[in-house]
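Colleague: predicted model and sequence follow; I will ask about them next.
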Amino acid sequence: MNTPVTGPRFLRQAEVVGRLLARLPSSRVLYAHEDTKPYECDGLSAYREVPGVVVIPEDDDEVAFILKTCHASQVPVVARGAGTGLSGGALPMRDGVLLSLAKMKRILAIDPVGRIARVQPGVRNLAVSEAAAPYGLYYAPDPSSQIACSIGGNVAENSGGVHCLKYGLTVHNILRVRGFTVEGEPIEFGSEALDVAGLDLIPLITGSEGMLAVTTEVSLKLLPKPEVARCIMASFDDVEAAGNAVAAIIGAGIIPAGLEMMDQPATRAVEEFVHAGYDLDAKAILLCESDGTREEVEEEIGRMQAVLEQSGATGVRVSVNEAERLRFWAGRKAAFPAVGRISPDYYCMDGTIPRKRLGEILRFIAAMEQKYQLRCPNVFHAGDGNLHPLILFDANKPDELQRTEQFAAEVLRKCIEVGGTITGEHGVGIEKINEMCVQFEPHELACFRGIKAAFDPLGLLNPGKNIPSLHRCAELGHMHVSGGRLPFPDLPRF
Amino acid sequence: MTTLAATLARFSASIRAAGAADRPLQIRAGGTKDFYGQSIEGEVLDPRDYAGIVDYDPSELVITARTGTRLAELEQAMREQGQMLACEPPHFGTAATVGGAVAAGLSGPRRSSAGSLRDFILGVRVMDGHGNPLTFGGQVMKNVAGYDVSRVMAGSLGTLGLLLEVSLKTLPLPVAEATLRFEIPEDRALERLQQWAGKPLPISAVVWQGGELAIRLSGARAAVDAARTKLGGEWLESVATAQFWLGVREQTVPFFATPLAIWRVSVPSSAPPLAIPGDQLIEWGGALRWCVTDADARTIRSRAAALGGHATLFRQGDKSVGVFTPLTPAIAGIHRDLKAVFDPHGIFNRSRLYTDF
């Protein structure tokens, strides 16, 4: 049961809870420690904070009421979907309200003629494709967590997946976002038409990590389900040769539906877990998928096969049926849990690089494995240059987490150095906020802060995430001079 | 100082001086899109000295160019490598530049299948109202660091800053293309377009006008051939059709040769016939409807709004009705605040988008 906590720190908590209870049932306004604790972290469990209050609205009116209430009391609000995010974007605040949108999970409409799904933010990504399937339609973005992750979170993070090269990111697949401003006023971005009058604000909202507005309804673009999909699994005895094969496929004018790479440590971890039939002697494997009409796929698979063989593949297997295709993918999609089995903890990174620098970055990662004495299998959205090195560590061993973070920071800086970015699809959140000071110049960061203020002048929506303060970057600069990196000194550690 | 650095220094000095004196600047290169937008005022700032392709590696699917580069030159470089800018931005004249295309944010016939110009932007470098060059996005496909400012530049009509450099995603040219023609009235054409769009067919563009529907198929040879058989219609020879699609993109087909107002009505593709008096040309699977009409703005805008879209007075007509559909107060407020972030003195392309912006 909810028991009010007393003491100076919780004075505002009592005030906010009181106001929220004026309209909402006590079952959906949580403030007792045992009720709020489950919300202390999202998918990045290294960072935890028990929220002051958790509130769970069931409709738009309640969202508006909560935002108005919090705004009047100047209480920060952190929105949360399914909590699968990997950068701590939904890390709560002790003196703030955590707004869980998990109960707003209705699919409002599937328009099979206009090919649009209208959904609430708590709808799971995969549920959209399931609901659209009877009409031969689907929603293209498919982050690995698609069974669990919600559309609201996908919009907040501009989530990707394994089919981005051909089908784009979340920003390319949403038409309209409805929601509420920090003041609790309704607002609408985009349109179910293909453009809007004035500035197109959809790109700003998508990937804004819950800092500009709260989403309550999203119109998603549905695509006709390809008639058929087939997948090639190619083995290479050298990682760089596999990288060159990726460039050769794209150079041949082919845009595969999916193009993934896994190195040998990753395939070995996965094979034991899912028995996908991966070639364990290969230094790297590529998964190359083609989808479309039967004729198209047959032609494209033939062309890709030829390119792979010319690029020195030591083995090439084409899926003969849907079951085999899904088995090829099962390994890739289970890469994170599989790695979780071989190590007490792992840290999933998310940088993007120009593909041509792949060899260089993989050599760099290998050198970092030596330097920090930590293992690091690699999975890689090869088609769009998005790397997910998985650093294996044991949080119970002294300074392994710290070494892991230093390892990760070096790799991210390398990503920037070769012309890439510190995050391809997982977001900045709290995790990479220091690296933002490296990737962006002070004028650019000032511009981001200005954008934030244009939507949220008091800075109440998810403060402290995504965009570092001037102060933080200045301090980090100082820390650079002294030679050490001490990430997030103000955050508790587990 | 190199010539390019000197050019940037000159841009920065012009912007600072204009800001200090509260003098508006008109960012204008080839002037091919002077007709588009509310009104133009201020001294010309011509970005064409800042030109050239900076980086293009076809296997990375990215081209980076300075915004003063001619659009035709950019597209030629891509074509030589078997690639294209798949959103097919209209040029409206040989002097069109890359920066102008991005600022206008317009896309051509392939938009409904390939995506909009905005969708192809990976990064920009832009000079703000303080004369500072800022970089957003980059040259990679996936990048979620910070707010996605680069894509907001598409269609901003130069109101936020002087675009300096842009990175765009490239795609391979389709191996095969074919155009089919059907005789079909508007309502049935719209219905059929929706049916086709729900099926995995390689339709890359459509145009309906005057009872005739043309559809372009693009993709693998086998896919185009199979779709041709499946869809029927009259098959047109490809040499003439390339010219035809170019004419649609550039608005040189006879439909656009009129002294009357041309409205650009953007609606959900499944919207029924507009039923606005005058002639119509339909693109983007039904989502874009060009209207040559003397109907009044209120009629056109309320019809577009009722269907969930908006209407722009694209060419000719009386601009005092407002070229672009007015914004809701909440969105207008965000526009003003964003403008103040990028252009605190309000000097860039004043009134090009809205009179108070």
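Modeller: Right, received. Where do you want to start?
Colleague: all contacts plus neighbour counts: C-alpha atoms, from now on.
Modeller: OK.
Colleague: give the contact list for the closest residue to chain B within the stretch 301-450 of chain A.
Modeller: In the stretch 301-450 of chain A, the residue that lies nearest chain B is residue A:424 (4.3 Å; Cα to the nearest Cα). Shown in contact with residue A:424 (Cα atoms under 8 Å, 6 or more residues apart in numbering or on different chains): A:350-352, A:386, B:142-145.
Colleague: pLDDT at it, what is it?
Modeller: We have a pLDDT of 94 for residue A:424.
Colleague: ditto for residue B:1
Modeller: 67.
Colleague: now do the SS call for the residue in the stretch 251-357 of chain B that chain A sits nearest to.
Modeller: With Cα to the nearest Cα as the measure, residue B:268 is the residue of the stretch 251-357 of chain B nearest to chain A, at 4.0 Å. Three-state assignment for residue B:268 (DSSP: H, G, I helix; E, B strand; the rest coil): coil.
Colleague: ok, the contacts of residue A:424 vs residue A:304, which is closest?
Modeller: Checking the contacts of residue A:424 against residue A:304 with Cα to Cα, the nearest one is residue A:386 at 20.8 Å.
Colleague: so residue B:145 makes contact with residue A:436?
Modeller: Yes - judged on Cα atoms under 8 Å, residue B:145 makes contact with residue A:436 at a distance of 7.3 Å.
Colleague: those two: which is more packed in?
Modeller: It is residue B:145, of residue B:145 and residue A:436, that has more neighbours when counted by other Cα atoms under 10 Å in any protein chain shown, with 30 against 20.
Colleague: A helix includes that one, no?
Modeller: No - applying three-state DSSP, one finds residue B:145 to be coil, outside a helix.
Colleague: what ranges of the chain fall below the confidence cut-off?
Modeller: Assuming you mean chain A. A:1-11, A:477-494 (pLDDT under 70).
Colleague: that was the other one, I meant chain B.
Modeller: If you take pLDDT under 70 as the line, chain B has these spans: B:1.
Colleague: and for residue 61, the neighbour number?
Modeller: Looking at chain A here, since you left the chain open. Neighbour tally, residue A:61, other Cα under 10 Å: 13.
Colleague: think we crossed wires, I meant chain B
Modeller: 27.
Colleague: got the contact list for residue A:420?
Modeller: With Cα under 8 Å, 6+ apart, residue A:420 has these contacts: A:351-354, B:138-140.
Colleague: which ones among those lie within strands?
Modeller: A:351-352 (DSSP state E).
Colleague: for the contacts of residue A:420, which one is nearest residue A:466?
Modeller: Nearest to residue A:466 among the contacts of residue A:420, with distances taken as Cα to Cα, is residue A:351, at 15.3 Å.
Colleague: next up, the contacts around that closest one.
Modeller: A:386-388, A:412, A:415, A:420-424.
Colleague: let's go with 10 Å and repeat that
Modeller: A:380, A:385-389, A:408, A:411-416, A:420-426, B:142-145 (Cα atoms under 10 Å, 6 or more residues apart in numbering or on different chains).
Colleague: please, where are all the helices along the stretch 51-200 of chain A?
Modeller: Using DSSP state H, counting those that start in this stretch, the helices assigned to the stretch 51-200 of chain A run over residues A:60-73, A:125-132, A:151-157, A:164-167, A:170-173.
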